[in-house]
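Peer 1: test case, fold it:
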Amino acid sequence: FACSCSIFYPTTTSPQHQHIIQDPIKAPMISRPHFQSKRHSISLPATTSLAHAAFVLLAASSSSSLIAFSFIFPTPVAITIKSVSATTSSSSSSSTLPAFYTARHGKSSCLQSKENDDDNNNIMSVEKAVPGSVIDTQTLQHLVEYTTSFGAANGLQVEVVAAPSATTTDTTNESNSKSYITAPISLLPQAYPKSQFAHAKLLAAPFNTLVDRISRDGTFLKETLKDVRDVDVYTGKLLDLYEEIYLGENKGMEWGKHARNADRLGILRSDYMLHQEGGESYSLKQVELNTIASSFAGLASTVARLHGFLTKRMEGELTQFLGENERAVMGDGTDTIDDSSSGEVLERGVPESPAMKRLPAAMAVAYSRYCQRVVTDSEESSSSATQPIVLFVVQPNETNTVDQRLLEFALWDNHKIPVVRMSLAEIHDRVTLDETTGRLTFNGGGSDDGSVKQEVAVVYFRAGYAPTDYPSGYDAKEGVEWLARERLERGSATKCPNLGYHLAGTKKVQQELARMGVVEHFFPEANGDEAAARIRTAFAGLYSLGADANEQDMKAVKEVLFREGDGRYVLKPQREGGGYNFYGKELSDKLKANCTITEDEGQESGKKVELSPTLSEFILMERLFPPQQRAILLRNGQVEGTGMTISELGCFGTIVASGEGEVVHNEYAGFLLRTKFSGVDEGGVASGFATLSSPHLC
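Peer 2: Next up, the predicted model:
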């Protein structure tokens, strides 16, 4: 029979290409002008299977540039085939890559076609031929209905912001009309080894301690970030403020005296991927350590409750689906090893996340200590209109408000602590600093003279982690966001995080910690070697691209440049939020454009490489390859797609420490799991790359 194929090729280098996990016609987030298409036709014997025909066409294509196929058969039947990204292969050769495909039929479809393609009217499920790999239509409908209803009933939602009117002046969007949709999630949890989950929990407290100790070591931070500051204005500004406020440089010791005496609050999240080397079982490797605006604790806790409900309520219908994923991670066995030092035995299934109890509890500790330290008895008030507040620093037009509100409401329900939300620009206008006492005061208005004021006890940053949060620029007089950040930092309120914690979370610090002896330097106590060794088990390969690059660092660079190793590394800048990394060919092109390469017979590769100073803001990280599992992803309240995915576990930790360094609170505080299709490089939920999920312990 005859069949034809539309092949879509990228026409731009937009990072959005990393979103493509479906036929571009069906993917609502991708605009068709980003692609050009070519139609190919072949003739095959009538006995040829649809899958075989698809792979014949795949083999005839240029897989290195291929994005997606849309196959048209005479029945009519359509098959969509997606090639695995070249960056997920350990080899960068141009040979045909393995492909994962989905074909659909109108009557038994997991996903309903919404396109208006005349050639694609009847779609059947070829995946039904693989036992246990597809959930039937009725079960899927029940899953979606349960999920959207559960989301509406329990706040598992994100905000959809209406376009502001021409007369709107409120940049925070608090007064604009709003609507809400189900948050981007995986409909079902992903299999996860119990022992590695327990290991991640045990790492929380040591990493909390490490961040606190790094934040107090000005010499280490200055030395580690000295090359970065010259090429990265944003990180340089953070380091300038840190030196002035905490080290007394340029403006004298009086300038930052209140900040140095203030408590520090850390709400941290260490992100991990399972990684397999050789024939060994999967082990935990750290992707990054987030020290500012560590988000999704609220929504992730709700997702875990949803998945716990679904896996018990629909246990019979989901056995094959969950079992297939468990075998992908565990093989034919199960994980019977629990870390006994955790003091608990983990049960199979979806665990409960304590994040919405433990994060507010840490904030309450910091709040209570501030009130005991600063607020006098005569000033204490039971009225929420005048009592000290927790100030949430948020972005204008924020859409992840529900996640933030869940934390705000838990603070009030459990501790009767009020929250006020403001952007940095609003803080510049409405929060004042008493230079004598260090008190920060919020002018809330509301009285006859508009002077109802509340003291700020804790500052919680959910903004300020990226250069885009400072749109007024870096001018010392006109950069209102930086002026607000400086004012907050200099006050006596507890910051979450303070500048030291923020800088401790940079990628360059993460890379430096991987060098031998550096972590151990921060654990000099008698039992410090044990904590340092536990932390070091989570490190992946991390390599400097600055002036301090050593032989091992340059070996990794040359592997990318001369040995087609761009699929084995990731290039990372000093940024949070997702969407900034370089992968595959973009990685190698970035290095080539910023390296001077000359012939040198004395070098093993026959070439000498000199790194440009512009690369100092980046680090090179070993790429991790977690197990692929099947998932059904939901976005905008609708099924986005089904296919093979990878996941990333985040473990929250909280720490409260005094200005002198006494740790008064330090614990594991919950988890999240993010799941994305295997061909998607980036991993942020808020940035649109991933979805929220949960671990199904096995």
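Peer 1: for the nearest residue to residue 282 once chain neighbours are set aside, phi and psi?
Peer 2: Closest residue in space to residue 282, ignoring its immediate chain neighbours: residue 274 at 4.0 Å, by C-beta to C-beta, 6 or more residues apart in numbering. The way it works is simple: take the backbone N, C-alpha and C, and place the C-beta from them, glycine included. Main-chain dihedrals, residue 274, degrees, to the nearest 10: phi -70, psi 140.
Peer 1: cool, residue 145 as well?
Peer 2: phi -60, psi -50.
Peer 1: where in the stretch 151-300 of the chain is pLDDT low?
Peer 2: Along the stretch 151-300 of the chain, segments meeting pLDDT under 70 span 162-176.
Peer 1: hey, where'd the strands end up in it?
Peer 2: 157-161, 178-182, 185-186, 190-192, 264-275, 283-290 (DSSP state E, counting those that start in this stretch).
Peer 1: who wins for proximity to residue 396 among these?
Peer 2: Proximity to residue 396 (C-beta to C-beta) singles out strand 157-161 among those, at 10.3 Å.
Peer 1: so how far does stretch 659-668 reach from one end to the other?
Peer 2: Stretch 659-668 has an end-to-end distance of 22 Å (C-alpha to C-alpha, to the nearest Å).
Peer 1: average pLDDT across it?
Peer 2: The pLDDT scores in stretch 659-668 average 98.
Peer 1: over to stretch 636-646?
Peer 2: Here the average pLDDT along stretch 636-646 is 89.
Peer 1: now do the buried residues in that stretch.
Peer 2: Neighbour-count burial for stretch 636-646 flags 637, 639, 640, 641, 642, 643, 644, 645, 646 (criterion: 16 or more other C-beta atoms under 10 Å).
Peer 1: SS state for the nearest residue to residue 358 once chain neighbours are set aside?
Peer 2: When the adjacent residues along the chain are set aside, residue 358 lies closest to residue 669, with 3.7 Å between them (C-beta to C-beta, 6+ apart). Three-state assignment for residue 669 (DSSP: H, G, I helix; E, B strand; the rest coil): strand.
Peer 1: picking up where we left off before, quick check: the residue nearest to residue 282 touching residue 287?
Peer 2: No: Residue 274 is not in contact with residue 287 according to C-beta atoms under 8 Å; the separation is 10.9 Å.
Peer 1: pull up the overlap in contacts between these two.
Peer 2: By the contact definition C-beta atoms under 8 Å, 6 or more residues apart in numbering, residue 274 and residue 287 are jointly contacted by residue 624.
Peer 1: all the helices of the stretch 101-250 of the chain, residue numbers only.
Peer 2: Along the stretch 101-250 of the chain, counting by DSSP state H, counting those that start in this stretch, helices occupy 137-154, 194-215, 218-231, 233-246.
Peer 1: now find how far off-centre the second one is within its chain.
Peer 2: Using C-alpha atoms, centre = their mean, to the nearest Å, we find the averaged C-alpha position of helix 194-215 to lie 17 Å away from the chain's own average C-alpha position.
Peer 1: how about the strands in the stretch 451-600 of the chain?
Peer 2: For the stretch 451-600 of the chain, the strands defined by DSSP E, counting those that start in this stretch occupy 453-461, 494-496, 542-544, 569-573, 595-599.
Peer 1: pull out the buried positions in stretch 466-474.
Peer 2: For stretch 466-474, by 16+ other C-beta under 10 Å, it's 469, 470.
Peer 1: show me where pLDDT drops low in the chain?
Peer 2: For the chain, the stretches with pLDDT under 70 are 1-134, 162-176, 333-344, 376-385, 445-451, 577-579, 601-602, 604-605, 679-689.
Peer 1: what pairs with the longest strand seen in it, and is each one parallel or antiparallel?
Peer 2: Taking DSSP state E as the criterion, the chain has its longest strand at strand 638-657. Next to strand 638-657 in the sheet, as set by DSSP bridges, lie strand 264-275 (antiparallel), strand 629-635 (antiparallel), strand 663-677 (antiparallel).
Peer 1: most neighbours per residue, which of those strands?
Peer 2: Stretch with highest mean neighbour count among the strands paired with strand 638-657: strand 264-275 (a mean of 25; mean count of other C-beta atoms under 10 Å).
Peer 1: for it, C-alpha coordinates in PDB please.
Peer 2: The C-alpha coordinates for strand 264-275 follow below in PDB (Å, rounded to 0.1, in the frame of the first residue of the first chain):
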ATOM      1  CA  ARG A 264      18.600  33.900  58.800                       C
ATOM      2  CA  LEU A 265      15.800  31.700  57.400                       C
ATOM      3  CA  GLY A 266      16.400  29.200  54.700                       C
ATOM      4  CA  ILE A 267      13.700  27.500  52.700                       C
ATOM      5  CA  LEU A 268      15.900  25.400  50.400                       C
ATOM      6  CA  ARG A 269      15.200  22.800  47.800                       C
ATOM      7  CA  SER A 270      17.700  20.300  46.600                       C
ATOM      8  CA  ASP A 271      16.800  18.800  43.200                       C
ATOM      9  CA  TYR A 272      18.000  15.300  42.200                       C
ATOM     10  CA  MET A 273      17.800  12.900  39.300                       C
ATOM     11  CA  LEU A 274      18.300   9.200  39.400                       C
ATOM     12  CA  HIS A 275      21.400   8.300  37.400                       C
END
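Peer 1: quick one: distance of that strand to the chain centre.
Peer 2: In terms of C-alpha atoms, centre = their mean, the centre of strand 264-275 is set 10 Å apart from its chain centre.
Peer 1: element containing residue 429, please.
Peer 2: Assigned by DSSP states H and E, residue 429 falls within helix 424-430.
Peer 1: what sits up against that helix?
Peer 2: Residues outside helix 424-430 that contact it (C-beta under 8 Å, 6+ apart): 171-172, 391, 393, 396, 422, 442-444, 463-464, 469-470, 472, 480-481, 483-485, 487-488.
Peer 1: drop anything exposed from those residues.
Peer 2: 172, 391, 393, 396, 422, 442, 444, 463-464, 469-470, 480-481, 483-485, 487-488.
Peer 1: ok, back up a step: any chance of the strands paired with strand 638-657 in a markdown table, plus distance to residue 692?
Peer 2: As requested, those are exported to a markdown table (distance: least, C-beta to C-beta, whole Å):
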| stretch | distance to residue 692 |
| --- | --- |
| strand 264-275 | 13 |
| strand 629-635 | 10 |
| strand 663-677 | 6 |
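Peer 1: for those strands, which one sits closest to residue 497?
Peer 2: Closest among the strands paired with strand 638-657, using C-beta to C-beta: strand 264-275, at 5.9 Å.
Peer 1: check contacts around the residue nearest to residue 358.
Peer 2: Applying C-beta under 8 Å, 6+ apart, one finds that residue 669 lies in contact with 204, 267, 297, 354, 355, 358, 359, 362, 652, 653, 654.
Peer 1: skip the chain neighbours and tell me the closest residue to the last one.
Peer 2: Taking C-beta to C-beta, 6+ apart as the measure, residue 654 lies nearest to residue 362, with 3.5 Å between them; neighbours along the chain are not counted.
Peer 1: for residue 652, see how far away the one you found is.
Peer 2: To residue 652, residue 362 is 10 Å away according to C-beta to C-beta, to the nearest Å.
Peer 1: mutual contacts of the two, please.
Peer 2: 267, 669.
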